[in-house]
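# below are the sequence and a predicted model for it; my questions follow.
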Amino acid sequence: MDVRFQRNLHAETVDQCHPAPFLCLAPTDSAEEAIRQMRDHNRGDVLICQDQGLVGIFTERDVLKLMAGGASFAVPLEEVMTPDPVVLRASDNVGRAITLMSRGGYRRLPIVDEKGRPTGMITVEGIMHYLVEYFPTLIYNLPPEPHRAAQMREGA
């Protein structure tokens with residue numbers, strides 16, 4: 001791996017990854033309201049906030065679980081949200097964000113301040129924009145299947 005690439009992943013903060021705006025609802029709001037907000041704002045998640053602090057997250061995966069279980073969408077978010085989600089701080093580096101997302105299988109992570117108040121959302125899309133923006137040569141020159149070795153030599 002390119003040394004400059006590795007160095008930047010550990011030096012640049014998640015602020016550089018195009019943090020997305022976030023939606024915030026109360027734990028007592030319904031899943032139906034969360035789904036409506038997600039649809040209206042073209043978002044895949046809603047943060048659950050209480051007293052301005054982050055207490056949970058509700059994502060499209062949670063919607064699918066509700067649908068698969070035949071549950072009512074009138075249920076309060078506090079019953080179907082993921083409590084105490086994994087979060088990032090604005091000072092965390094891009095490498096940490098990628099590691100957390102990769103290990104946890106997350107497509108988005110909330111960014112919070114020192115008091116636990118949400119300030120933004122890091123998404124896989126934002127990280128991809130960051131990588132292409134800062135490392136275009138490395139990204140654009142990747143082979144279509146980087147871990148595949150040629151079976152035969154090409155050419156005459």
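Yes, it's here. Numbers count the residues shown, from 1 in each chain.

# quick one: buried residues of stretch 93-108?
Using 16 or more other Cβ atoms under 10 Å as the test for burial, stretch 93-108 gives Asn93, Val94, Gly95, Arg96, Ala97, Ile98, Leu100, Met101, Tyr106, Arg108. Heads up, the C-betas are built off the backbone N, CA and C, glycines and all.

# ok, the residue positioned nearest the centre of the chain to Gln52 distance?
Closest to where the C-alpha atoms of the chain average out (Cα atoms, centre = their mean) is Arg108, at 1.1 Å. Distance of Arg108 to Gln52, given as Cβ to Cβ, to the nearest Å: 20 Å.

# cool, and Tyr134?
In terms of Cβ to Cβ, Tyr134 sits 33 Å off from Gln52.

# ok, the two, which is more surrounded?
Neighbours of Tyr134 and Gln52, each counted by other Cβ atoms under 10 Å, are more numerous for Tyr134; the result is 17 against 11.

# pLDDT score for the more buried one?
Confidence at Tyr134, expressed as pLDDT, is 73.

# next, count neighbours for the residue nearest to it when sequence neighbours are not counted.
Nearest-residue entry for Tyr134: Asn8, 6.3 Å, with adjacent residues in sequence omitted and distances by Cβ to Cβ, 6 or more residues apart in numbering. Residues lying near Asn8 (other Cβ under 10 Å) number 18.

# residues touching Asn8, list them.
Val94, Tyr134, Phe135 (Cβ atoms under 8 Å, 6 or more residues apart in numbering).

# returning to what we had before: Met81 versus the residue nearest to the centre of the chain, what's the distance?
In this view, Arg108 and Met81 are 14 Å apart by Cβ to Cβ.

# same deal with Val75?
Computed as Cβ to Cβ, the Val75 to Met81 distance reads 10 Å.

# these two - which one has more neighbours?
Legend: neighbour count by other Cβ under 10 Å for Val75 and Met81, higher for Met81 (22 against 13).

# contact partners for the more buried one?
Met81 touches Pro27, Ile48, Val55, Gly56, Ile57, Phe58, Asp62, counting by Cβ under 8 Å, 6+ apart.
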